Structure formats: C-alpha cells, structure tokens
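Student: Okay, sequence plus prediction incoming.
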Amino acid sequence: MKKYILIILAIGCFIMAFKPSGKTPEPNAQDPYIQKADSVLALMTLEEKIGQLNLPAAGDFTTGQASSSNIAEKIKAGKVGGLFNIKTVQKIRDVQQVAVEESRLGIPLLFGMDVIHGYETIFPIPLGLSCTWDMDLIKKSAQLAAKEASADGINWTFSPMTDISREPRWGRVSEGSGEDPYLGAQIAKAMVKGYQGNDLSLNNTLMACVKHFALYGAPEAGRDYNTVDMSRQRMYNEYFPPYKAAVDAGVGTVMTAFNEVEGIPASANKWLMTDLLRDEWGFDGFVVTDYTAINEMTAHGIGDLKTVSAKALKAGVDMDMVGEGFLTTLKSSLEEGSITEAQINEACRRILVAKFKLGLFEDPYRYCDIERSETEIFNTENRQISREIAAQSFVLMKNEGRVLPLEKTGTIALIGPMADNAENMTGTWSVAGRFKESISLKQGIQNAVGNKVKIIEARGANVVADSLLESRVSVFGKPTYRDNRSEEELIKEAVEAAKGADVIVAAMGESAEMSGESSSRSTIELPANQRRLLKALAKTGKPIVMVLFTGRPLAINWEADNIPSILNVWFGGSEAGDAIADVLFGKVNPSGKLTMTFPQNTGQIPIYYNHKNTGRPLPEGQWFQKFRSNYLDVSNEPLFPFGYGLSYTEFEYGNLKLSTDQLNGDQTLTASISLSNTGKYDGKEVVQLYVRDLVGSMTRPVKELKGFQKIFLKAGETKEVSFELSQEDLKFYNHSLDFVFEPGEFEIMIGTNSSEVSTQKVNWED
C-alpha cells in the first residue's frame, strides 16, 4: 500500500508541471483526468507504459495463487493493465493487491467481464430484450447487471453489442438488437446509461464497451468472423447509428471487430478508429481489441505479429486483448522507428484516464465490498425483475382458435427437448449465470398450476438427430441431455402422452449455444427431427402450443401453417420458466414485437423490412411476374415481418391524421392515430411510425422506422397516439456523406408492424 500512497503524492506534484516528451497537443489538455493521467505517465518506464496496454485473460487465477501465477509475475513487473473473466470479490481483491502493493508504481487494474445480459441474475438474450421495445426495461436490466457485477468486483463490461444484422444464419444476432438502425440506436443509449449511470466512480456502475466496431453483423454467407464489404453510404445510414448513439451517450470504451472494413481489418483501420471514431464522432475513451484480434490479422494477410501490432497502435487501438502483440513487439517497433513513443503515451494515457474516472486510484478496492457481494447478487428482487422483463420479451406469433391463454384445468402434455432443461434457459453469453438454478419450463408450469392440472411428460425428440452436431452446441456447460433411444421410440412415447391430454405444450427450437459466437447455421429451419415430432403430434388432433426457444429468426413455415399457437420465448434468462408460465396462463398478456424479420426459408436471406426498391419491383399484391424481382418458388414476403407480434386482446387502429400536408423549413409535423383495445384483456401495443422519402439524390429505403410508443390500454379503452417529426428526422447521409435533408414528397406511415400500416403523404419544402 505504501507504493500506492507514494504515487498519489506524486500526482499532486506533477499535475500542473509535467509535459510528456513527444506528446502531441491535446485538444482537451486542461481536462483534470488527463492532467492526472499525465502525472502518472511521467513516472512510468517504457515497459510500464506498454504493460498498461496489455489485457490478458485470468484463466490461471484461483484464490491463494494470486501471487504465484504467471500473470501475477507480469502484474508485479507492471506488464498488465487489466484482467478479464476473473470472478468473485476475494479473487479480484487478491489480484488487485498484487498490482497496488507489489508493482513498482502501484497502478490499479481494470477488471472486465462479458456481462452481456445480466451477471448472475440473467435477463433475456439481447435480441429478446429488444423485442420488449421498452427502453426503461432495457435500461433497468443494464442497471441491475451493473449492480450485481460491480458488487462482485467487476468494473468493466464488454457490452452492449450494437451490431446491426440482417443475417440470421450468423449466430451472434442473439447478442444484438436486430435489423433496424433507429431502434438499435435507442437501445444502445439505454444500455450505456444503464451500465454507466451519471458517475462512473460510483461503485454500483460499470464502464461499458460498445462492440464490435464496425460492421461485424454483416458477414458474407452468415459465417462468423467472415469478410464484410459495403459502401460507406450504407455504413453511415444503416450500420453506424447504434455505435454512434453509444458514443454520444458517453460510452467509456469501444471494442474492435474481427472483420475487415474496406479491405483493412478493423483493428488496423485508421480511418475507422481515428478519423471516424475520434475525429468525426469525438470519442474520448479507449479502444480495446476483441480476443486476439491483433494476432489474427496475420491470417488476414497484412503482416507478421510485429507488423500488425504496430499497425493497430497507429490506427488508434489502445489495449490488446489476450494476444500480447503489444507487450512483446512494441518496444522493438519503437527502436526501429515504425511507431513513436507519443503513440504509446497516448494509448497509455487513455487507459489511465479510464482508471481515474472509475475511482480506482482513489480506492483500488472500491468494487471489492464483501457485504455487497453477499446481498446484492442473485437476490429475490433481482430475479423477480428478470421474470417481469422476460415476460415482456416474448412474441406471440400465432394464436389460431385462441388456444392461449391456457386454463388451469385438465391435463397438459409437456413434450420436447427444451421442456425440462434449466441450464439452457439463460441462452448464450451468460458466463456468470447460475445455470442450474434457472427455472425450467417444466418447473415454471408446475409452479403456476400446483395440483390443479395434471402434467404428462415426454421428451419426444433430441435437439438435433445428429449426435456429433449436438456435441458442438453444448461446449459451455449447458447440456442438451441427449436421449439415446431411437427417434421412433421417442415420437411414439410423445404421441401416447398427447393422446391422454387436453392440450399439448411443445417446447421446441434451439438449445442455448445453437446461437451465439461461432454458432452460424447454413440452414435456419427447425431441426428436421423436431419437425417430424410436431407432425406426429399434429395428427392427434389435439390443440398444440409451440413454445419456441431460439436465439435467431427461424424459418418455421410448416409450423406457422400447421401449429395453431406459437409463442416465441427466445431465451428468457434465470426466471424463464416462471415468465413463460405467466404468459401461457394469462397472468401476463404478451406484448413483444419482432426486431428481426422471420423468413419463409433460408434462401430468402437477407430479408429485412427497410430494403431498397429495384428498377423492376414486383407489383403490390402479386406473388410472381416474369421479368420482375422475385423468386420462382416462394413469394418475396417474409413469414413474420419486422415489428410483428400478437396479443391476447385485439387492437384497432383508427384513421391516420397529419397536422398538415404542406410544410416548409423547420416546421414540425404531427402524425396521430387513435388506438382502441376492442378485446377482453388489458394489454400493451407497440405503435410504430415509419417514413419513406419518395424521391432522393440517391435511392432510399421503402420505409424506415422513425418512432415508436408502447401503449397500455385497458379492455375497451381508446387513446390518441401522436408523433412529431422534424426535418432532422428525415435527414440521411448522401453520396458525399453529407448529412442532409432533401425537400420533396414523403409518405408517413403508422401501424402495428412494418407490413400493416396506414399511409398519408406530405410535401416538405426546405
């Protein structure tokens, strides 16, 4: 602790006097955090500066060996700036003590973790969260994740993932917020504010990290880590808005993407990391790579480890995750003149500034409160909130014959590979979750009905028929509990169970790790063996509710045609089973709306609502016309459109009204519509506003989301819902990348989803 005190004293001595040699002028050099960081930088050796740029994983740490491991020796030598994936207050305190009391300068460490959708209390996967269309709930989930993780010693999360994607084959759509840049931007802001609050030095907040910068959600062939190629106009208009929204919200850090951008891997792309992110957008935090992203640039073919490490530093990367390219090569590159000490100083300064903002120099153990860790993590209150949020994320996709909600009487046949699997309820990237303590669907139904309903169970099918394929999707400790009986035996048992029931609840779909990182699928239909089970169950004539577990849009064309009721529950988190039961039995009226389009089949991909027209568009209402843009074998229409979701009640939209049909300059347009709940249940409806710019200097999408409101109505109630639009809402990046409003005619649309809207035209002059 003595060395720690000495460095604080040194800060006071140097805060006004020191000007690091070779330092380029700082536009905000009077910032007190920069002054403090510079006073520390003045004391550091070159090796210690480079050490701050090193972020190893903490895989070899357990309590008691914090002083003896290989990483500990590097910490003592000042060669580590932070660690990630180390868990529990005691372990983190032990390691922080090594940094503060056994290194020369006592500089505290950052401690990061993939807190993606909750810490130990897990919320729905991010794609599911986005389907709530409720920014307050989404912000609340991030706040509680920050509260729990910070109570366990963590001060940095690698979230939110804001990658726009129209590619459901790509498994990481489960970690994002869907296909729309406007909605994605609103969610990015909510997540950053939820994690960071208004003061990063408070010990119940986390420094956020927006990722993956940039364009990671558009890989060719839907294959993870693959090449991305697009125009800058598309980047600015369709893919950049959520990243920029996170930057505007004050996100502390940015993570690089694995893919290339315009032929240069993101981690070496100066245009991306400096010209755009810092100079154009004004980002003042630090940039960290993704896991070994610098090393992987050698496979991209742009140089050996020394070369790519130097390129990354010069591009604007500040911290190297795991690969140690910076640690092992930057000194040599400096001696050779391929980088400058000013560039090393700048990267180190940004990391020190973050540590000052987190309050770590003031108190390196501020996140190591044993009492908080014992009371604020995975407690009853947090789990109840997780349950409430999960129920809001579910999307009712079909309810023919009003099979739902179920009555708490009679006999239910509970069938399917996801019916009794607590470990899979949390979905992908729930690294700190207590998987075995999650609530399974079976347990949730039992909790809801008690002894009022008889439940007959049968597995019916494995997740997939191929055992080798199944082994690939259970690598993170979330077993699929494979049943080694033949498919015929499993189906026969399920059919017998169904015959004795009043209704079938079929828990189908993906297991948790069938989506997520490195979980791309070449076809996104329901696994064939599960479909065969459903066909057998359908032949019994019993009403079926398919509870669909998935981390991506699935091509469930047959199921949509033949199964009367489909409830998409994504992966709902720690309390998934209870939340699903809340909806199945009508305690909660479903209100989720899709944030990604569901295709009819894999061949329609990419399919998304805000597409451009071709010069030969298919006439509205037609299925096929020769020499038009269409398929021979399937219509152009999605199976379920963006913004789609049903309710147990009925909502009726009135006529769309505009305040005027002629506007000039900075006037504001008000668009309004009456919404009535004409059904028997109280419920929530997401009213969606879209616009179309009919004529532009470059082609414009057929519609773009520009607003939404989630409205609660009691049965029989009517409300007027209004939106205001200004020229700012109608701007876009033109061919020269100027952000412009172009006068002319626009269509204004309001409706229940992107396909069902009322439309009026307005002429807006400059």
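Tutor: Received it, and whenever you're ready, just let me know what you need.

Student: Hmm, Thr480 is touching Asn421, no?
Tutor: Yes - Thr480 lies in contact with Asn421 (C-beta atoms under 8 Å); the separation is 7.3 Å. No exception for glycine: its C-beta is placed from N, CA and C like everyone else's.

Student: residues contacting Cys221?
Tutor: Small correction: residue 221 is Ala, not Cys. Ala221 is in contact with Arg169, counting by C-beta atoms under 8 Å, 6 or more residues apart in numbering.

Student: Tell me if it really is in a helix.
Tutor: Yes - counting by DSSP: H, G, I helix; E, B strand; the rest coil, Ala221 is found in a helix.

Student: which element is Phe283 on?
Tutor: For Phe283, there is no host helix or strand (DSSP states H and E).

Student: separation between it and Lys36?
Tutor: Separation of Phe283 from Lys36 (C-beta to C-beta, to the nearest Å) stands at 20 Å.

Student: Tell me if Ile455 really is in a strand.
Tutor: Yes - applying three-state DSSP, one finds Ile455 inside a strand.

Student: these two touch, right, it and Gln446?
Tutor: Yes - using C-beta under 8 Å, Ile455 is in contact with Gln446, at 6.8 Å.

Student: joint contacts of these two?
Tutor: By C-beta under 8 Å, 6+ apart, no residue touches both Ile455 and Gln446.

Student: Quick check: neighbours shared by Thr480 and Asn421?
Tutor: Ser511.

Student: for the stretch 551-700 of the chain, what spans make up the strands?
Tutor: In the stretch 551-700 of the chain, the strands defined using DSSP state E, counting those that start in this stretch lie at 565-568, 651-653, 657-658, 662-664, 669-677, 683-693.

Student: If you rank every helix and strand of the protein by mean pLDDT, what lands last?
Tutor: In the chain, the helix or strand scored least confidently by mean pLDDT, DSSP states H and E is helix 2-14, which has a mean of 47.

Student: quick one, domains of the chain?
Tutor: By the assignment in automatic domain parsing, the chain contains the domains 388-604, 651-765.

Student: Using CSV, please lay out these together with mean neighbour count.
Tutor: Below are the domains of the chain laid out as CSV (neighbours: other C-beta atoms under 10 Å):
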stretch, mean neighbour count
domain 388-604, 21
domain 651-765, 16
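
Student: Distance to Lys244 and mean pLDDT for these - can I get that in TSV?
Tutor: What follows is the domains of the chain, written out as TSV (distance: least, C-beta to C-beta, whole Å; pLDDT from 0 to 100):
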stretch	distance to Lys244	mean pLDDT
domain 388-604	19	97
domain 651-765	11	98
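
Student: closest one to Glu167 among those domains?
Tutor: domain 388-604 (9.0 Å; C-beta to C-beta).

Student: tell me how far that closest one is from the chain's mean position?
Tutor: Remark: domain 388-604 is offset 22 Å from the chain centroid, using C-alpha atoms, centre = their mean, to the nearest Å.

Student: how long is it end to end?
Tutor: This stretch, domain 388-604, spans 35 Å end to end (C-alpha to C-alpha, to the nearest Å).

Student: What score does the most centrally placed residue in the chain have for pLDDT?
Tutor: The centroid of the chain falls nearest to Gly176 when counting by C-alpha atoms, centre = their mean (3.0 Å). On pLDDT, Gly176 comes in at 98.

Student: Excluding sequence neighbours, find me the nearest residue to Val317.
Tutor: The shortest distance from Val317 to any non-neighbouring residue, by C-beta to C-beta, 6 or more residues apart in numbering, is to Val287 (5.1 Å).

Student: That neighbour pairs with what?
Tutor: Val287 has the following beta-bridge partners by DSSP bridges: Val254.

Student: Neighbours of it, how many?
Tutor: 26 (other C-beta atoms under 10 Å).

Student: Roughly how far does it sit from Asn85?
Tutor: Separation of Val287 from Asn85 (C-beta to C-beta): 20 Å.

Student: now swap in Arg628 and tell me
Tutor: In terms of C-beta to C-beta, Arg628 sits 52 Å off from Asn85.

Student: Looking at those two now, which is surrounded by more residues?
Tutor: Taking other C-beta under 10 Å, Arg628 and Asn85 do not tie; Asn85 has more neighbours (17 against 13).

Student: Isn't that one up against Ile92?
Tutor: No - with contact defined as C-beta under 8 Å, Asn85 does not reach Ile92; the gap is 11.2 Å.

Student: Of Phe283 and Lys36, which one has the most company?
Tutor: Neighbours per residue, other C-beta under 10 Å: of Phe283 and Lys36, the larger number sits with Phe283, 26 against 21.

Student: what sits against that one?
Tutor: Val247, Val251, Val254, Leu277.

Student: export those residues to JSON lines and tack on neighbour count and pLDDT?
Tutor: Below are the contacts of Phe283 laid out as JSON lines (neighbours: other C-beta atoms under 10 Å; pLDDT from 0 to 100):
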{"residue": "Val247", "neighbour count": "22", "pLDDT": "98"}
{"residue": "Val251", "neighbour count": "26", "pLDDT": "98"}
{"residue": "Val254", "neighbour count": "28", "pLDDT": "98"}
{"residue": "Leu277", "neighbour count": "22", "pLDDT": "98"}
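
Student: quick one: which of these is nearest to Gly118?
Tutor: Val251 (19.0 Å).

Student: Helix, strand or coil: sort out that closest one for me.
Tutor: Applying three-state DSSP: Val251 is coil.

Student: so what's it up against?
Tutor: Val192, Gln196, Ala208, Cys209, Val210, Phe283, Gly285.

Student: One more pass at 6 Å, please.
Tutor: Val192, Ala208, Val210 (C-beta atoms under 6 Å, 6 or more residues apart in numbering).

Student: what sits against the residue nearest to Val317?
Tutor: Val254, Met273, Gly316, Val317, Asp318.

Student: try it again with 8 Å
Tutor: Contact analysis of Val287 by C-beta under 8 Å, 6+ apart lists Phe213, Thr253, Val254, Met255, Thr256, Met273, Leu277, Gly316, Val317, Asp318, Met319, Arg350.

Student: What ranges does the stretch 201-350 of the chain have for its strands?
Tutor: Under DSSP E, counting those that start in this stretch, the stretch 201-350 of the chain gives strands at 209-213, 253-256, 260-261, 264-265, 286-288, 320-321.

Student: Figure out which of the strands of the stretch 551-700 of the chain is closest to Leu305.
Tutor: It's strand 565-568; of the strands of the stretch 551-700 of the chain, that one is closest to Leu305 (C-beta to C-beta) at 44.7 Å.

Student: Sheet-wise, list the partners of the closest one with their directions.
Tutor: Strand 565-568 is paired, per DSSP bridges, with strand 395-399 (antiparallel), strand 544-549 (parallel).

Student: Tell me how far Ser519 lies from Arg93.
Tutor: 35 Å.
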